[in-house]
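>>> test case, fold it:
(chains A, B, C and D, ligands or ions: 4)
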There are 2 protein chains.
Amino acid sequence: MNSSSEYLIKKLSQKSLRFSFQRMKILEYLYQHESSHPDAEEIYESLSNIIPGLSKTTIYNTLHSFVNAGLVQAVDIENSETRYELSASRHGHFICKQCGVIHDFDIDIDMIVVKELAQFQVEEKDVYFRGLCPNCIRIQNETTNTIKNKKKEAQDES
Amino acid sequence: MNSSSEYLIKKLSQKSLRFSFQRMKILEYLYQHESSHPDAEEIYESLSNIIPGLSKTTIYNTLHSFVNAGLVQAVDIENSETRYELSASRHGHFICKQCGVIHDFDIDIDMIVVKELAQFQVEEKDVYFRGLCPNCIRIQNETTNTIKNKKKEAQDES
DNA sequence: TTCTAAAGTTGTAATGATTACAATTTATCC
DNA sequence: GGATAAATTGTAATCATTACAACTTTAGAA
Ligand SMILES: [Mn+2]
Ligand SMILES: [Mn+2]
Ligand SMILES: [Zn+2]
Ligand SMILES: [Zn+2]
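Numbering: from 1, shown residues only, chains lettered A, B, ... in the order given. Ligands and ions are numbered 1, 2, ... in the order given. Predicted structure coming up:
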């Protein structure tokens, strides 16, 4: 058992979560894929190779336990699958409408104080931006240019 | 045909949306339930009484058309059903974890500029808060007090 | 007004992420 | 080591949404 395993085991214990090989591997996966915000399916597919007979129910159960313990946070930026990430300092999420990639960005959410909600008990603040990522913007421009060139060629021929 | 109908028909026409009785009633429903952020099911249940044989597919189709035309906005604050509202000035959404009620609140979202996203094309900015509404806070406090009183009574008896 | 093509409506079946549940296995504590 | 509560597993169910094809209606042209 290497030192990073020991670290993960300690993490589980800190949150009063029982140890299991499945839990440790799921937690490890989240540590190794910090920025990709994986969903249950992705985690399941990846870990099935390491853990034969792994059940998808275990993935869901475990993620729920982790979220419940505050170890993991759910990112519901898509209306299809829920994505997950290790609990970290609050940040905003940008999702590309084209390729689906998610980017974290710093934002001082606590700065946002809403007078109107003085009587409300605000427990979570989520900021979700949507649009096009730099890569998809570039691809879009290239396509547009190709079309323009084609049209110009056709004009020149006539 | 009354004047509010004419207004709705004009609204549809403005967005190059064809007229239909179903569409007009769905649009009317959204006008008459501005703040409740209804979902497809709620709209369907309500309008089934007025439009016999109405299909739920029509509700979904129509809402998609409306969103596509920019007449309506989807509110994906819940990971279950999508909720809908007429397009209005951008605002934030608070949802009560207890009773599910949604409250609009003013927030200057355009004020939020993120340097990190300079290379990104941000098209939508959603701010979702979650927590307890004033009513549910009150109910919770009452329950807590009742329990405290019960405990105190038990102590006094012993 | 009548005709026609395109768009809207409907019912039913399929999809897909997530949950419910009961049997089996495992971790933790004594 | 044994008891007990908790975790894992496989399967079936749920439920919002979508796919699809037949039918109907709208809007514009003739
Ligand atoms: Mn993140
Ligand atoms: Mn709103
Ligand atoms: Zn992209
Ligand atoms: Zn409430």
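
>>> give me the pLDDT for A:Asn141.
A:Asn141 is assigned a pLDDT of 88 by the prediction.

>>> correction: A:Lys152
Confidence at A:Lys152, expressed as pLDDT, is 65.

>>> over to A:Asn145?
Per-residue confidence (pLDDT) for A:Asn145: 76.

>>> so where does it fall, helix or strand?
helix A:134-157 (DSSP states H and E).

>>> likewise A:Ala74?
strand A:72-75.

>>> quick one: the helix or strand following that strand to chain centroid distance?
Sequence order places strand A:83-86 as the next helix or strand after strand A:72-75, per DSSP H and E. From the chain centre to the centre of strand A:83-86 is a distance of 5 Å (Cα atoms, centre = their mean, to the nearest Å).

>>> need the residues that contact strand A:83-86.
The contact list for strand A:83-86, computed with Cβ atoms under 8 Å, 6 or more residues apart in numbering or on different chains, reads A:30-31, A:34, A:37-40, A:43, A:63, A:66-67, A:71-77, A:102. Every residue, glycine included, has its C-beta placed from N, CA and C.

>>> in PyMOL, select just the buried ones from the residues you listed.
This is how PyMOL selects the buried members of those, with burial counted by 16 or more other Cβ atoms under 10 Å in any protein chain shown:
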select buried, chain A and resi 30+37+38+39+40+43+63+66+71+72+73+74+75+76+77+102
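
>>> the residue nearest to the spatial centre of chain A: what's it in contact with?
Centroid check for chain A by Cα atoms, centre = their mean gives A:His37 as the closest residue, at 2.0 Å. By Cβ under 8 Å, 6+ apart, the contact list for A:His37 reads A:75, A:83-85, A:93, A:102.

>>> if we can go back for a sec, parallel or antiparallel, list what pairs with the strand holding A:Ala74.
Under the criterion DSSP bridges, strand A:72-75 sits next to strand A:83-86 (antiparallel) in its sheet.

>>> just to revisit the earlier point, out of the contacts of A:His37, which is nearest to ligand 2?
A:His93 (20.0 Å; Cβ to the ion).

>>> any idea how far the closest residue to ligand 4 within chain A is from B:Glu123?
Closest to ligand 4 within chain A is A:Phe120: 9.0 Å, counting by Cβ to the ion. Taking Cβ to Cβ, to the nearest Å as the measure, A:Phe120 and B:Glu123 are separated by 28 Å.

>>> these two: who's more crowded?
A:Phe120 (19 against 10; other Cβ atoms under 10 Å in any protein chain shown).

>>> dihedrals phi and psi, that one?
Backbone torsions of A:Phe120, given as degrees, to the nearest 10, read phi -100, psi 150.

>>> so it sits against B:Asn135, correct?
No - A:Phe120 is beyond contact range of B:Asn135, at 10.1 Å (criterion: Cβ atoms under 8 Å).

>>> quick one, strands of chain A?
A:72-75, A:83-86, A:92-96, A:102-105, A:121-132 (DSSP state E).

>>> output these in TSV; the columns should cover distance to A:Ile147.
Formatted as TSV, those follow (distance: least, Cβ to Cβ, whole Å):
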stretch	distance to A:Ile147
strand A:72-75	36
strand A:83-86	34
strand A:92-96	22
strand A:102-105	28
strand A:121-132	18
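
>>> which of the ones you listed is buried the deepest?
strand A:92-96 (a mean of 21; mean count of other Cβ atoms under 10 Å in any protein chain shown).

>>> counting neighbours, what do you get for A:Leu8?
A:Leu8: 19 neighbours (other Cβ under 10 Å).

>>> distance of it relative to A:Leu17?
11 Å.

>>> then A:Val101?
Taking Cβ to Cβ, one finds A:Val101 at 30 Å from A:Leu17.

>>> quick one: which of the two has more around it?
A:Leu17 (17 against 14).
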